[in-house]
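Colleague: build the 3D model from these lines:
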Amino acid sequence: MLFCFYLKNHKFAIQYKTMKITILSLSENIYSTNRLIEEAESRGHQVTVVNHTKCSILVGNGSSKVIFEGENILNNADVIIPRIGYSVFKHGVAVVKEFENNGIYTTASSMGIRISQNKVTTLQKLARKDIAIPKTMFSINPDTIDEQIEYIGGAPIIIKLQEGTHGLGVILAESNKSAKSIIDTFISMDTSIMLQEFVKESNGEDIRAIVTGDTIVACMKRIGSKDDFRSNIHRGGSGQRVQLTHKEEEIVLRASKYLDLPVCGVDLIRSKRGSLLIEVNSTPGFQGMEYYTNVNVAEKIIKFIEKEYVSK
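Modeller: Numbering: from 1, shown residues only. Predicted coordinates for the structure are as follows:
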């Protein structure tokens, strides 16, 4: 089916195919998932929310199935929108991969999701593409902690879990002594961490940009609360609209491209030596973005998918 919108005083119509969209999400009640449902259905699309943790994958005899509630759902979707959180990302990636193998378009590739869920892997890949990042160190050697801290430039330093979201697992060590104690504890617990320079001039602020394809559809500055150096909205921060520089736009779009994440969130901080990429999120929440920027992010994502589906 084709939907047509006629623009006043113009002789042409905007057309797009209606689609069967499957959103892989733990719940339709999550803000971003619910907004995607609203915008997709308002434009005539059929939307199904599938809890990927309840999916089973069957492979063999040259074929595969993704079984959900007793049904093979591989043939029920034209497009999938993965909303895969860290706690279940390994299984979620496997589910996304099966849809990819069957030629179904996804707004985030399985490999892109896998890479972006690990901060070190993300930074390793993007650093090779000459994208500026903060000075970062990762090691599991408890005998060289003093040396590791020195390489970063000394305290204060930021200690991060390699895998985590919403600012969880991010610690500011204000002295070499406290940094050494924290690092030693994590290593003894066999917990994967990374050390990162503390960019004082960022002043507890970062920038989140949301990408669809080759377009940055919304961006905002996230400002941490007075008693927290982290800027995440989930940690009590606030936001405001911000204008990206040409260089920042280039960093954001290149990161999206190199990680094969057509729809994603890219986080930057501003430093004396220029803007630095700190993280890429394959499943960006956008409640704060819509609230603080007044941009209909969900609609932008659905319109992007329509364009990509028509071009297939």
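Colleague: which residue ranges make up the domains of the protein?
Modeller: 2-107, 116-132+202-299, 136-198 (automatic domain parsing).
Colleague: how about stretch 185-201: buried residues?
Modeller: Of all the residues in stretch 185-201, those buried under the rule 16 or more other C-beta atoms under 10 Å are 186-187, 193-199. For glycine as for every other residue, the C-beta is placed from the backbone atoms N, C-alpha and C.
Colleague: same check, this time on stretch 88-105
Modeller: Quick answer for stretch 88-105 (16+ other C-beta under 10 Å): 89, 92-99, 104-105.
Colleague: show me the two of these that sit farthest apart.
Modeller: F89 and Y105 (20.1 Å; C-beta to C-beta).
Colleague: give me the phi and psi for E71.
Modeller: phi -130, psi 140 (degrees, to the nearest 10).
Colleague: show the contacting residues for it.
Modeller: For E71, no residue meets the contact criterion (C-beta atoms under 8 Å, 6 or more residues apart in numbering).
Colleague: tell me the SS of I302?
Modeller: Here I302 is recorded as helix under DSSP: H, G, I helix; E, B strand; the rest coil.
Colleague: circling back to that earlier point, out of the domains of the chain, which comes closest to E308?
Modeller: When the domains of the chain are compared by C-beta to C-beta, domain 2-107 sits nearest E308, at 6.1 Å.
Colleague: what pLDDT, on average, does that closest one get?
Modeller: Mean pLDDT, computed over domain 2-107, is 88.
Colleague: what does stretch 175-187 give?
Modeller: The model assigns stretch 175-187 a mean pLDDT of 94.
Colleague: buried set for it?
Modeller: Buried, per 16+ other C-beta under 10 Å, within stretch 175-187: 176, 178-180, 182-183, 186-187.
Colleague: count of neighbours near N75?
Modeller: Using other C-beta atoms under 10 Å, N75 has 11 neighbouring residues.
Colleague: and if you look at the one 4 residues further on?
Modeller: Residues near V79, counting by other C-beta under 10 Å, number 22.
Colleague: so where does the closest residue to I84 other than its chain neighbours fall, helix or strand?
Modeller: If the residues on either side of it in the chain are set aside, I84 comes closest to G92, at 3.6 Å by C-beta to C-beta, 6 or more residues apart in numbering. Applying DSSP states H and E as the criterion places G92 in helix 89-101.
Colleague: show me what that helix is packed up against.
Modeller: In terms of contacts (3 or more C-beta pairs under 8 Å, 6 or more residues apart in numbering; DSSP states H and E), helix 89-101 is packed against strand 20-24, strand 56-60, strand 63-68, strand 79-82, strand 105-106, helix 110-116.
Colleague: now the element after the third one, going C-ward?
Modeller: Which is strand 63-68. Following strand 63-68 in sequence order, the next helix or strand is strand 71-72 (DSSP H and E).
Colleague: cool, and the last one?
Modeller: The element immediately downstream of helix 110-116 (helix or strand, assigned by DSSP H and E) is helix 119-127.
Colleague: packing partners of that following helix?
Modeller: Counting by 3+ C-beta pairs under 8 Å, 6+ apart, the packing neighbours recorded for helix 119-127 are helix 110-116, helix 246-258, strand 274-281.
Colleague: next, the buried residues of that helix.
Modeller: By 16+ other C-beta under 10 Å, the buried positions in helix 119-127 come out as 119-120, 122-123, 125-126.
Colleague: what's the offset of the helix or strand hosting M289 from the middle of its chain?
Modeller: Under the criterion of DSSP H and E, M289 resides in helix 287-293. Offset of helix 287-293 from its chain centre (C-alpha atoms, centre = their mean, to the nearest Å): 16 Å.
Colleague: identify all contacting residues around it.
Modeller: Taking C-beta under 8 Å, 6+ apart as the rule, helix 287-293 contacts 31-32, 35, 208, 210, 218-220, 222, 233, 238-241, 295-298.
Colleague: filter the residues you listed to the buried ones?
Modeller: Using 16+ other C-beta under 10 Å, the buried ones in the contacts of helix 287-293 are 32, 35, 208, 210, 218-220, 222, 233, 239, 295-298.
Colleague: which one among those residues sits at the bottom for pLDDT?
Modeller: Comparing the buried ones among the contacts of helix 287-293 by pLDDT, I233 comes last, at 52.
Colleague: give me the residue at the spatial middle of this protein.
Modeller: Taking C-alpha atoms, centre = their mean, the centroid of the chain lies closest to N281, which sits 1.5 Å from it.
Colleague: surely N72 touches K65?
Modeller: Yes - N72 lies in contact with K65 (C-beta atoms under 8 Å); the separation is 4.3 Å.
Colleague: who has more neighbours, those two?
Modeller: K65 (18 against 13).
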